[in-house]
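Peer 1: Predicted model and sequence below, questions to follow.
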Amino acid sequence: MKKKWFYPLLVIMTLASILAQYFTQIEWLKFTLAAFSLLLWAALLGKSTESVAYYAGERLGGLLNATFGNAAELIIGIFLVKEGLFNLVKASIIGSIIGNLLLVLGLSVFFGGLKYKTQKFNSMLASHNTSLMLIAVIALFIPAAFLKQEPLEDVLDVSIIISAVLMIGYFLWLYFSLVTHRQELNSSSSNQPIEDEKENPPWSKWISILILAISTLFVAVQSEWLVHSVEAVAKAIGWSELFVGAFLIAIIGNAAEHSAAIMLAIKNRLDAAVEIAVGSSLQISLFVAPVLVFVGLMFGKKMDLVFNSYEIVAVTAATFIASSISRDGATNWYEGVLLLMVYVILGAAFFVVG
């Protein structure tokens, strides 16, 4: 972070959040300070991940950025499950998926397209991403369509089986993309010069890892505080759990991906930007959501994968438009606008439904 105001603001907001948690009972103040502090720590988390990614390589770097960018969503989800707020955690899962597919990818494609008339990325990667997102839609649709009227124990058993299958599929995808077909998926289709490809990271490797660890710790702490306040705040301002989880919490949790993906797209590193945005959605649907089912078992909470019809429609719509735009391996700024349009439409519908 080269901006001089960032670190003083980070310290001030963190201290303010800590004081609010222990010395006031005003829930909206606790929530607001925790949210702003979490945004700043998520941004530092994203920057430190970028620095670590420099030493790990482009493809693995994109995966690391998506993984640690999703740390906030996973940690928030764990605390939501622990509190038994299943509707909120499901909404946040859906919000993270559509937020990455529509908002993060849309902003990346839009700002990158303003600088380059056409940006290209690996079409083979785009094809596999599309197939994996369709698998995620199927995995979310099947429980909602078949299990709503079944006994809770049967629903939980099927959710555990689906979660295990998704996690196995995700790890096999990592093996496929990082080992057996690494070269094919690493090759870029771009014929434009990539900017700042040799730009040195702000920190050394071990300093980057240390900052990454500290950022993850503070993201975890601020996430727990955020969760403790969110339900009271949602009720106080009249917003539904569906809207708060799918949009407010998801936007806060996606802060790291936003900044990293947009900056990479502006530098014409669209392969890495797509890896962060789409790869993050895949990680949420194929890994984070299943993990939360097993986390529920650890806490004695019966977290299942039965999502409501609004959430299923939202993920299906996001997957459809994102697949339609990315399948040819080329984008322009107007396609970014299309993604953002769908995000706004879904946001308005979720707000009214609540």
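Peer 2: In hand now; what should we look at? Numbers count the residues shown, from 1 in each chain.

Peer 1: can you pull out the strands in this structure?
Peer 2: Using DSSP state E, the strands of the chain run over residues 119-120, 330-331.

Peer 1: closest one to Thr130 among those strands?
Peer 2: strand 330-331 (14.0 Å; CB to CB). C-beta: built from backbone N, CA, C; applies to glycine.

Peer 1: in its sheet, what does that closest one sit against?
Peer 2: Paired strands of strand 330-331, with direction, are strand 119-120 (antiparallel) (DSSP bridges).

Peer 1: quick check, distance from the strand it pairs with to the centre of its chain.
Peer 2: Put simply, strand 119-120 sits 23 Å off its chain's centre (CA atoms, centre = their mean, to the nearest Å).

Peer 1: what separates Asn173 from Ser131, distance-wise?
Peer 2: Rather than Asn, residue 173 is Trp. As judged by CB to CB, to the nearest Å, Trp173 and Ser131 stand 10 Å apart.

Peer 1: So between the two, which is more surrounded?
Peer 2: Legend: neighbour count by other CB atoms under 10 Å for Trp173 and Ser131, higher for Trp173 (20 against 12).

Peer 1: Please list all residues in contact with the more buried one.
Peer 2: By CB atoms under 8 Å, 6 or more residues apart in numbering, the contact set of Trp173 is 128, 132, 282, 286.

Peer 1: between those, which is nearest Ala318?
Peer 2: Distance to Ala318, by CB to CB, is smallest for Leu282 among those, at 12.5 Å.

Peer 1: for the closest one, what are its contacts?
Peer 2: Contact partners of Leu282, counting by CB under 8 Å, 6+ apart, are 129, 132-133, 136, 170, 173.

Peer 1: for these, which one is nearest Val295?
Peer 2: Scanning these for proximity to Val295, where the rule is CB to CB, the winner is Tyr170, at 16.1 Å.

Peer 1: Give me the number of neighbouring residues for Lys149.
Peer 2: Lys isn't right for residue 149; it's Gln. For Gln149, the neighbour count with other CB under 10 Å is 6.

Peer 1: So which residues of the stretch 1-150 of the chain form helices?
Peer 2: Assigned by DSSP state H, counting those that start in this stretch, the stretch 1-150 of the chain shows helices spanning 6-23, 27-56, 58-69, 71-82, 86-98, 105-115, 123-146.

Peer 1: can you list the residues that contact the shortest one?
Peer 2: What it means is helix 105-115. Contacting residues not belonging to helix 105-115 are listed as 119, 258, 261-262, 264-266, 268, 270, 273-274, 277-278, 322, 325-326, 331-340, 343 [CB under 8 Å, 6+ apart].

Peer 1: Just the buried subset of the residues you listed, please.
Peer 2: Buried subset of the contacts of helix 105-115 (neighbour count, 16 or more other CB atoms under 10 Å): 119, 258, 261-262, 264-266, 268, 270, 273-274, 277-278, 322, 325-326, 331-333, 335-336, 338-340, 343.

Peer 1: circling back: just the buried subset of the contacts of Trp173, please.
Peer 2: Buried among the contacts of Trp173 by 16+ other CB under 10 Å: 128, 132, 282, 286.

Peer 1: Distance of Phe294 relative to Met167?
Peer 2: Distance, Phe294 to Met167, using CB to CB: 9 Å.

Peer 1: who has more neighbours, these two?
Peer 2: Met167 (18 against 15).

Peer 1: how much space between the nearest residue to that one once chain neighbours are set aside and Met303?
Peer 2: Nearest residue to Met167 in three dimensions, chain neighbours excluded: Pro290, at 4.9 Å (CB to CB, 6 or more residues apart in numbering). For Pro290, the distance to Met303 equals 10 Å [CB to CB].

Peer 1: State the separation between stretch 200-208 and the centre of the chain it belongs to.
Peer 2: Centroid displacement of stretch 200-208 relative to its chain, using CA atoms, centre = their mean, is 24 Å.

Peer 1: got the contact list for it?
Peer 2: Outside stretch 200-208, the residues within contact range by CB under 8 Å, 6+ apart are 1-2, 47-48, 50-52, 54-55, 211.

Peer 1: ok, 7 Å please
Peer 2: 48, 51-52, 54-55, 211 (CB atoms under 7 Å, 6 or more residues apart in numbering).

Peer 1: and if you look at stretch 292-310?
Peer 2: For stretch 292-310, contacts defined as CB under 7 Å, 6+ apart pick out 77-78, 81-82, 84, 86, 89-90, 94, 140, 143-144, 147-148, 152, 155-156, 159-160, 162-163, 242, 289, 350, 353.

Peer 1: Can you tell me which of those are classed as buried?
Peer 2: Among those, those classed as buried by neighbour count (16+ other CB under 10 Å) are 77-78, 81-82, 86, 89-90, 94, 140, 143, 147, 155-156, 159-160, 162-163, 242, 289, 350.

Peer 1: Now do stretch 220-236, average pLDDT.
Peer 2: The average pLDDT for stretch 220-236 rounds to 75.

Peer 1: Kindly apply the preceding question to stretch 8-28 instead.
Peer 2: So the average pLDDT for stretch 8-28 ends up being 90.

Peer 1: Counting neighbours, which bits of that stretch end up buried?
Peer 2: In terms of neighbour count (16+ other CB under 10 Å), stretch 8-28 has its buried residues at 10, 13-14, 16-18, 20-21, 27.
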